Structure formats: C-alpha cells, structure tokens
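Asks: Generate a structure from the sequence data that follows.
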Amino acid sequence: MKKTFFKTFFYFFIILLIACEGNKEKKTEKTAYWDEIVIFTRNQKITVRQDSDTANFENRMNTRGNSENEILSKSFLLNKKERDSLHKFVYKMITKPVFTDKNATCYAGYVSISLRDRNTTLGCEYKSVGEWSTVSSETQKIYKLLSEKIEISRQ
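Replies: Numbers count the residues shown, from 1 in each chain. Purely as a prediction, here's the structure:
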C-alpha cells in the first residue's frame, strides 16, 4: 500500500512538473513602434524609416565662390536588426540624456537626433561638444553603426 502511494505521488509530481513547464509563457521581445529617426550633424542629414531597408543621407557641401550649397544625396542599406538597434540607442539617448560638461570653441560638434512615432516627436540636441560621437555610450554606438555604412561627420 505504501509503495503504491509513493509511486502514485511520484508520477503525479512528474506530471505536474511537465504540465507546469509547458504552460510557461515564452517572453517575446515586443518590437517598439516608431516611424522615423532623423539625425542632423553640422552639414549632414540622415533619415531612417522603420519600414524601409533604405536610409537616406544628405551632405551639404559649401563650394567657394558659389552662394548656394551643393547637396549630395545617397541611400544606404540598413537591415531590420540594425534599424532596431539604432532605435534602441536613439530612444535611450533621448529618454535618458547625458548632461555633459564637454565644451568646444567655434561651435564645433553638433548633433540633433529626433525620433518620430506617429504624431509625437522626441529629440535630443548637443551643441559645441567637440566630437558628438564621444558624448555618451549611446552616441558612440549610433556613430559606430552609421559610420560602418556611410561617412558621417563626428563634429
């Protein structure tokens, strides 16, 4: 009788463990919704859209003797993982900005980054910081990711 009770209890316990293991919800990382990231440096503009593998890059060139700036435009590829990483870095940079004591003369070092989500735009701007890519770990990651694709200005 005792032996049968222990066997039954043991099998019940094993079945309970298996059943509980199967009911665990798998955590799936929810992809954050966003429309567009726009990054301005002193002479450049980079536009990244969540729903497009192609990002746009504009570089304003000052030509001597010409009153108008020449704008060179090109596109470059960013896969979904790179766009999601960029969003993560930009979102953290905007929601938890680093207040820096870096200061540069002649207004060197400018970046303005905005994140648009449907009808809301969040942004962060650093001015006169020398190399903007060294202000925080997020700006370093943003610069590293983009500089592998295009020639982006540090200042």
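Asks: Okay, strands next: where are they in the protein?
Replies: Counting by DSSP state E, the chain has strands at residues 36-41, 44-49, 54-61, 70-77, 111-117, 120-126.
Asks: mind listing what the nearest residue to Tyr110 once chain neighbours are set aside touches?
Replies: Once its chain neighbours are removed from consideration, Tyr110 has its nearest residue in Arg42; the separation is 5.0 Å (C-beta to C-beta, 6 or more residues apart in numbering). The C-beta positions use only the backbone N, C-alpha and C, and glycine is treated the same way. Residues in contact with Arg42 (C-beta atoms under 8 Å, 6 or more residues apart in numbering) are 110, 153, 155.
Asks: before we move on, back to that, so for Thr4, which of the strands of the chain sits nearest?
Replies: Distances from Thr4 to each of the strands of the chain were compared using C-beta to C-beta; the shortest belongs to strand 111-117, at 62.7 Å.
Asks: so what strands line up beside the closest one?
Replies: Strands flanking strand 111-117 in the sheet, each with its direction: strand 36-41 (antiparallel), strand 120-126 (antiparallel) (DSSP bridges).
Asks: and among these, the most buried is which?
Replies: Mean neighbour counts were compared across the strands paired with strand 111-117 using mean count of other C-beta atoms under 10 Å; the top stretch is strand 36-41, at a mean of 19.
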